[in-house]
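> this one's structure only:
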C-alpha cells in the first residue's frame, strides 16, 4: 500500500434510534453506502414500514444528553489511548474523527460509554433504545482524503 494513502484516522458517525429511517430521500442502505454512490430515492411505503417496526419513539440528544454523550466520547478516547481529533454531537447523530486502530472497537466503545453515562444520569427510563444498529465510518488519510477500500475522494473546500 502507498504510504501516502495509509489510514491515519476514521470519520465515524453513529445515529440515534429512529432518526435516520430508510425511505427518506437521500438515505443509504448496504447497497448504497459507498463513497460517491447514489442514495436511495424517496419511498413512502418503506418509510411507513420502518416506522411501523419501531418499538419506541425516536431518540433525541437534547442539551444535557448531548453534553453527556460528548463527555463519554472524550472519556472513551482517553481511556483507550485513541486521539480524538474532532467531535460534534447533533440532536440525531454524533460525528467524530478519531485516530485509532479499528473502527468497530471505536464505535462500540462510544455507544457503550455514552449509554453508561446517560444511564447514570437517569435521563431516560430503563430499557430505552438510544442508538441505531447502523454505523458509518470512513478512513481519512493524512492529506484529508476520504478513503473507502480503493476509493479515495478529496474532501471539499
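Yep, that arrived. Here the structure is a predicted model, which is why all the values come from computation and not from measurement. Numbers count the residues shown, from 1 in each chain.
> where does the protein dip in pLDDT?
The chain contains residues with pLDDT under 70 at 1-7, 32-33, 35, 134-136, 141-157.
> let's go with 80 and repeat that
Filtered on pLDDT under 80, the chain yields the residue ranges 1-8, 26-37, 101-104, 134-157.
> which residues sit in contact with the closest residue to residue 40 other than its chain neighbours?
Nearest-residue entry for residue 40: residue 27, 5.0 Å, with adjacent residues in sequence omitted and distances by Cβ to Cβ, 6 or more residues apart in numbering. From N, CA and C alone the C-beta is placed, and that goes for glycine too. Counting by Cβ atoms under 8 Å, 6 or more residues apart in numbering, residue 27 touches 20-21, 39-40.
> Determine how far the one helix or strand residue 12 maps to lies from the middle of the whole chain.
Counting by DSSP states H and E, the element that carries residue 12 is strand 7-16. The gap between the average C-alpha position of strand 7-16 and the chain average comes to 6 Å, counting by Cα atoms, centre = their mean, to the nearest Å.
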